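Trainee: Build me a structure from this.
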Amino acid sequence: MRIYTRDEYNLRKAEIIRDIIRGAVFIYPTDTIYGIGCNALDRDAVQRIRDIKNNQDRPFSVMVPSKGWIFQNCDITEKEHEYLDRLPGHYTIILNLKNKKSVARNVFMEDDTLGLRMPDHWCLEMTRLAKVPIITTSANITGDDFMTSLENLSSEVKNKIDFMIDAGEVAGRPSTLINLTGEQMSIIER
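Mentor: Residues are numbered from 1 along each chain as shown. Sure thing, here's the model as predicted:
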């Protein structure tokens, strides 16, 4: 596994983005905690994350390059517009997916809904440069504590990823979930 600092990421950005597009599985800092990600269009890379996290049945969220991507690929009604105005931010907004080819099928599983993130953080640049959605889920085995620094990265996870971008301690909490898919909107602080 390669470890890049933020400065190294800036210097090797083109190479790193190329690796992401080609299916690399990697850990990166966000505005909340460290995430584990890959190109969300790459079914095999998504499955690698499922195997690493020991999560075969719960949907993953994706970091998307723009609000335009959301409008193009999700069902948006008037009520959703208000919540999309909160982006970028530390939210995961769950919407009904209208373009089921916008991510690999094993991202959203049986539900046809998708959790979307646009962090108010430099990591958003990765998905904008790659021009693909990127899986964004906590960098831990499902049920374990989430990762806030390289020091608390599980060796089980570390040994199965291609690279990591280390930005030091990230003092956050997982994003707030805003589910806009049912009759009643729900907000879940995590």
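
Trainee: Could you list the residues in contact with the least confident helix or strand in the chain by mean pLDDT?
Mentor: Scoring the helices and strands of the chain by mean pLDDT, DSSP states H and E places strand 186-188 at the bottom, with a mean of 79. For strand 186-188, the surrounding residues in contact (Cβ atoms under 8 Å, 6 or more residues apart in numbering) are T176, L177, I178, N179. Backbone N, C-alpha and C define where each C-beta goes, glycine included.

Trainee: Out of the residues you listed, grab the one that's most surrounded.
Mentor: Within the contacts of strand 186-188, neighbour counts (other Cβ atoms under 10 Å) peak at I178, which reaches 20 neighbours.

Trainee: Nearest residue to that residue in space, please, no chain neighbours.
Mentor: The shortest distance from I178 to any non-neighbouring residue, by Cβ to Cβ, 6 or more residues apart in numbering, is to I93 (4.9 Å).

Trainee: Helix, strand, or coil at the one you found?
Mentor: Here I93 is recorded as strand under DSSP: H, G, I helix; E, B strand; the rest coil.

Trainee: is it true that it touches T176?
Mentor: No. Judged on Cβ atoms under 8 Å, I93 makes no contact with T176 at a distance of 9.4 Å.

Trainee: For the protein, which segments count as strands?
Mentor: Along the chain, counting by DSSP state E, strands occupy 2-5, 26-29, 34-37, 61-63, 91-96, 113-117, 134-138, 163-166, 176-179, 186-188.

Trainee: Just give me the residue closest to the centre of this protein.
Mentor: In the chain, the centroid-proximal residue (Cα atoms, centre = their mean) is T136; its distance is 1.4 Å.

Trainee: list the contacts for it?
Mentor: So T136 contacts T30, G35, G37, F60, S61, V62, M63, R117, P119 (Cβ under 8 Å, 6+ apart).

Trainee: Give me the buried subset of the residues you listed.
Mentor: For these, a burial check counting by 16 or more other Cβ atoms under 10 Å picks out T30, G35, G37, F60, S61, V62, M63, R117, P119.

Trainee: need these in CSV with distance to K53 and pLDDT, can you?
Mentor: Formatted as CSV, those follow (distance: Cβ to Cβ, whole Å; pLDDT from 0 to 100):
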residue, distance to K53, pLDDT
T30, 16, 94
G35, 11, 95
G37, 12, 98
F60, 9, 95
S61, 13, 96
V62, 15, 98
M63, 16, 98
R117, 17, 96
P119, 19, 94
